[in-house]
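*Asks:* Below is the sequence, then the predicted model.
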Amino acid sequence: MTTYSGLYYHLIWSTKNRAGLISETIENKLHAYMAGIVQGNKGTAIQIGGMSDHVHLLVRLNPDQNISDLVKAVKVASSKWLKETSSDFYNFSWQNGFGAFSVSKSQTNIVKEYILKQKEHHKIRGFDEEWLNFLKSHNIQYIEKFVFG
């Protein structure tokens, strides 16, 4: 029997200590590189965007893919690529964790627009507030003092 799936995820993670290191001059190249890593891991990057201190990815995965393995692959390869691209990124690294939120096919365009409008969105709220809102809206239990530790 053939397996059929439509698994969409909104992935979010920040730079280590939320350092604003992703400049506008490098972000498009970084996002394109990340999309290639997703594709190389049998996924599809539908939209990638973010700010100087974090990224958002809307991806479609195959059922045999592990989200944690994909995120690890993207983080490791993109961090290495940044370090090789410029000495400005010598100490660059991503945070240890990440957020993975399921998205139904009917909501993918809404999430895509949300990712595209990150710069506009963050004129109103910072990453910390955005992150807590994601946890709350997805009914994820957390203890606030440990969220950003």
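*Replies:* Thanks, I have it. Numbering: from 1, shown residues only.

*Asks:* Please point out which parts of the helix or strand of the chain with the lowest mean pLDDT sit buried.
*Replies:* For the chain, counting by mean pLDDT, DSSP states H and E, helix 144-147 ranks last in confidence among helices and strands (a mean of 78). Buried positions in helix 144-147, judged by neighbour count with 16 or more other CB atoms under 10 Å: none. Every residue, glycine included, has its C-beta placed from N, CA and C.

*Asks:* where exactly do the helices run in the protein?
*Replies:* Assigned by DSSP state H, the helices in the chain fall at 24-40, 67-85, 108-116, 118-121, 127-137, 144-147.

*Asks:* now residue 16: how far from residue 79?
*Replies:* 10 Å (CB to CB, to the nearest Å).

*Asks:* Name the residues contacting each of the two.
*Replies:* Shared contacts of residue 16 and residue 79 (CB atoms under 8 Å, 6 or more residues apart in numbering): 92, 93, 94.

*Asks:* between those residues, which is closest to residue 73?
*Replies:* Among the shared contacts of residue 16 and residue 79, residue 94 lies closest to residue 73 (CB to CB), at 12.0 Å.

*Asks:* What's the separation between that closest one and residue 123?
*Replies:* Distance from residue 94 to residue 123, by CB to CB: 24 Å.

*Asks:* out of these two, which sits in the more crowded spot?
*Replies:* Neighbours were counted for residue 94 and for residue 123 using other CB atoms under 10 Å; residue 94 has more, 20 against 6.
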